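In: compute the structure for the input listed below.
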Amino acid sequence: MKDLIIISNEKIYFDSKSFFCDNIDLKSTPEGLSKNFTIHLIARSTKKKRAFKIENKLIKINIFSNIFSFLNKIKKLEKKNKKILVISISPYTFLASIILSFFKKEYFIYLRSDGFKEYESILGFFGPFIYGFMFSICSKFSNLISCNEKILRKKLGKIVYPSQLSNIWFYSQKEIEPTNPKLLYVGRLREEKGIFSLIEILKKDTSLNLNIVGSDNLEKSIQVPKNITINLIEKNEKNLIKIYDEHNIFILPSFTEGHPMVVLESLARLRPVIIFDDISHVATNKIGIFICKRNLSDLKEKINYIMQNYINIQDQIKKNILPSKEKFLTDLTNIISK
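Out: Residues are numbered from 1 along each chain as shown. Below you'll find the model as predicted:
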């Protein structure tokens, strides 16, 4: 098999035996690609335990603790004739791209989310300018892969449709006729995910109950009202399917997203989804996603509409043709192999 080097900005935890990450993509993508490539994964190290165990029997994992060890690992790639996949654009992966470009190495950059909006949510006004500078340089010297045409900003690139959906997600789909809204959020508890914005909105109406399911603690300290619960769980398919089935509306409050897995998971379990208009593109070509403004009034209006028309909405959701994990990995493999 050919060698494939994957360079990621994500952090990996090592407990002397196993490797763990916080992003399911960093687990499933290298694992899936290992069927056709010998994977060498380069990522940052952390001392904080992460949620997802990477099955590393077929993956050679290199973690670095500082920028100097990182640059040294990247520089060594100049002497090796291997396929290279850079995941997302960040200061670390930007430096990797500069080095790879300097040594005229061919490489791919896989864009999983809208970096312009992501940097704006984290850094404010100057965020898009910083990301734009990195994006303009990286896009000149790499082969772009994206999960959404909008993210490419009119640059040439290949489109893939990420998915973690295996057949188990479609087994025993539960149709319900709910009386009260049971709201759910599944994801990382970070600023760019909009979870703090959603908490502030729901503080204004404690009749709306939200269950937050994450794998890490809140990124910043915030007072959580009684109508909101936070559960930190081990995320696996069996656990997640049970959680989706116990709720009736999924809310994704993110400021930026590419092709969010949680939306596909919710629709696979026939649960309607509410998103805010920051990420309206997520609703393209999908049935059962409702877009609202980031305020309590519009949110309640959408919730009431969904509850009043729930059975019909579930019937419509069944018409979705959702991408599978197998199709995503096949498409990504074909692009990298050419």
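In: longest strand anywhere in the protein?
Out: strand 2-14 (DSSP state E).
In: gap between stretch 36-47 and the chain center?
Out: Distance, stretch centre to chain centre, for stretch 36-47: 18 Å (CA atoms, centre = their mean, to the nearest Å).
In: need the contact partners of that stretch.
Out: 1-14, 21, 26, 30, 33, 54, 58-65, 70, 73-74, 82-83, 92, 333, 336-337 (CB atoms under 8 Å, 6 or more residues apart in numbering). (C-beta placed from N, C-alpha, C; glycine too.)
In: just the buried positions in the longest strand of the chain, please.
Out: Judged by neighbour count using 16 or more other CB atoms under 10 Å, the buried positions of strand 2-14 are 4-14.
In: adding pLDDT and distance to Arg44, write those out as TSV.
Out: As requested, the buried residues of strand 2-14 are exported to TSV (pLDDT from 0 to 100; distance: CB to CB, whole Å):
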residue	pLDDT	distance to Arg44
Leu4	94	19
Ile5	94	15
Ile6	96	13
Ile7	95	11
Ser8	94	8
Asn9	90	7
Glu10	92	7
Lys11	93	5
Ile12	95	7
Tyr13	94	10
Phe14	94	11
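In: what's the most distant pair in the residues you listed?
Out: Greatest spatial distance among the buried residues of strand 2-14 (CB to CB): Leu4 and Tyr13, at 22.7 Å.
In: which pLDDT value belongs to Leu218?
Out: Leu218 is assigned 67 on the pLDDT scale.
In: the longest strand of the chain - which strands sit beside it in the sheet, and in what orientation?
Out: According to DSSP bridges, strand 2-14 has the following sheet partners: strand 19-21 (antiparallel), strand 37-46 (parallel), strand 83-87 (parallel).
In: tell me the first helix or strand C-terminal of the last one.
Out: Scanning the chain past strand 83-87 towards its C-terminal end, the next helix or strand to appear is helix 91-102 (assignment: DSSP states H and E).
In: again, but for the second one
Out: In the C-terminal direction, the helix or strand that comes right after strand 37-46 (DSSP H and E) is strand 52-54.
In: give me the mean pLDDT for that following strand.
Out: On average, strand 52-54 scores 89.
In: returning to that earlier point: distance to Pro253 added to the buried residues of strand 2-14, as a markdown table?
Out: A markdown table is the format used below for these (distance: CB to CB, whole Å):
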| residue | distance to Pro253 |
| --- | --- |
| Leu4 | 35 |
| Ile5 | 35 |
| Ile6 | 30 |
| Ile7 | 30 |
| Ser8 | 25 |
| Asn9 | 23 |
| Glu10 | 22 |
| Lys11 | 23 |
| Ile12 | 27 |
| Tyr13 | 27 |
| Phe14 | 32 |
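In: all helices of the stretch 51-200 of the chain, in order?
Out: Using DSSP state H, counting those that start in this stretch, the helices of the stretch 51-200 of the chain run over 67-75, 91-102, 115-123, 127-141, 149-152, 195-202.
In: can I get the ones you listed in TSV including mean neighbour count?
Out: As requested, the helices of the stretch 51-200 of the chain are exported to TSV (neighbours: other CB atoms under 10 Å):
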stretch	mean neighbour count
helix 67-75	16
helix 91-102	19
helix 115-123	20
helix 127-141	17
helix 149-152	17
helix 195-202	20
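In: now the ones you listed in TSV, with mean pLDDT and distance to Pro253?
Out: Formatted as TSV, the helices of the stretch 51-200 of the chain follow (pLDDT from 0 to 100; distance: least, CB to CB, whole Å):
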stretch	mean pLDDT	distance to Pro253
helix 67-75	83	33
helix 91-102	93	26
helix 115-123	89	11
helix 127-141	96	19
helix 149-152	90	19
helix 195-202	95	4
